[in-house]
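Asks: Here is my input; please provide its structure:
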Amino acid sequence: MSTEDKPFFDDPNAALREVAQNPAAYAHYLADFHRVVLDIQAKLEILQRETRVHCRGTRVEGDKMGQAFLRSFPVEKSLNDLLKNLKNVTSGLEKSAHKRHAHDEKVKEVKKQRKEKAQLKERKNNPPLQAAPETPGQPGAQSPNMGYGGPTSIYNLDRRESA
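Replies: Numbering: from 1, shown residues only. Next up, the predicted model:
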């Protein structure tokens, strides 16, 4: 059995699936379409110009001023609309390639932000243990400003925040 008899891919969408997953391949693929569309657009612009010259120059005996233009107007309008749509297609292809690249950059940034957020949360939930500072006084003596760590009685609760 020759290679011409069996399909190149088992799945016809497999190649496009791989292109969609790689932003560089996506941009390259759209660039190929962009070149083709620009080539078509250039040829249609020449056709538009030649059609305009021919249709406006085609006069029938007894024509009044502007009747040749009015007859050629529908043909010219259809080509103008087509060229306008092709320009929209080319700009859409460019935008799509840029947006695809921006999407991957955003995905990388989201991963980075989530990783940083998780690290901050981890540090917040599990602060590193620090050794207690040594006081230069006697080992058994209490300092005058103990704060929340000092012994209190229920009679001194007015100076402290309640739980």
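
Asks: Which residue ranges of the chain form helices?
Replies: 14-21, 23-57, 67-125 (DSSP state H).

Asks: how about those in a markdown table, adding distance to residue 131, mean pLDDT and mean neighbour count?
Replies: Just so you know, the C-beta spots here come from the backbone N, C-alpha and C atoms, and that holds for glycine as well. Supplementary listing: the helices of the chain in a markdown table, determined by distance: least, C-beta to C-beta, whole Å; pLDDT from 0 to 100; neighbours: other C-beta atoms under 10 Å:
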| stretch | distance to residue 131 | mean pLDDT | mean neighbour count |
| --- | --- | --- | --- |
| helix 14-21 | 51 | 87 | 12 |
| helix 23-57 | 50 | 91 | 14 |
| helix 67-125 | 18 | 90 | 12 |
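
Asks: want to try CSV for the ones you listed, with distance to residue 132 as columns?
Replies: Formatted as CSV, the helices of the chain follow (distance: least, C-beta to C-beta, whole Å):
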stretch, distance to residue 132
helix 14-21, 55
helix 23-57, 53
helix 67-125, 20
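
Asks: residue contacts, residue 111?
Replies: For residue 111, no residue meets the contact criterion (C-beta atoms under 8 Å, 6 or more residues apart in numbering).

Asks: gap between it and residue 102?
Replies: Using C-beta to C-beta, to the nearest Å, we find residue 111 at a distance of 15 Å from residue 102.

Asks: got it, and residue 73?
Replies: 42 Å.

Asks: same deal with residue 53?
Replies: When distances are taken as C-beta to C-beta, residue 53 and residue 102 turn out to be 44 Å apart.

Asks: try residue 68
Replies: Residue 68 sits 50 Å away from residue 102 when distances are taken as C-beta to C-beta.
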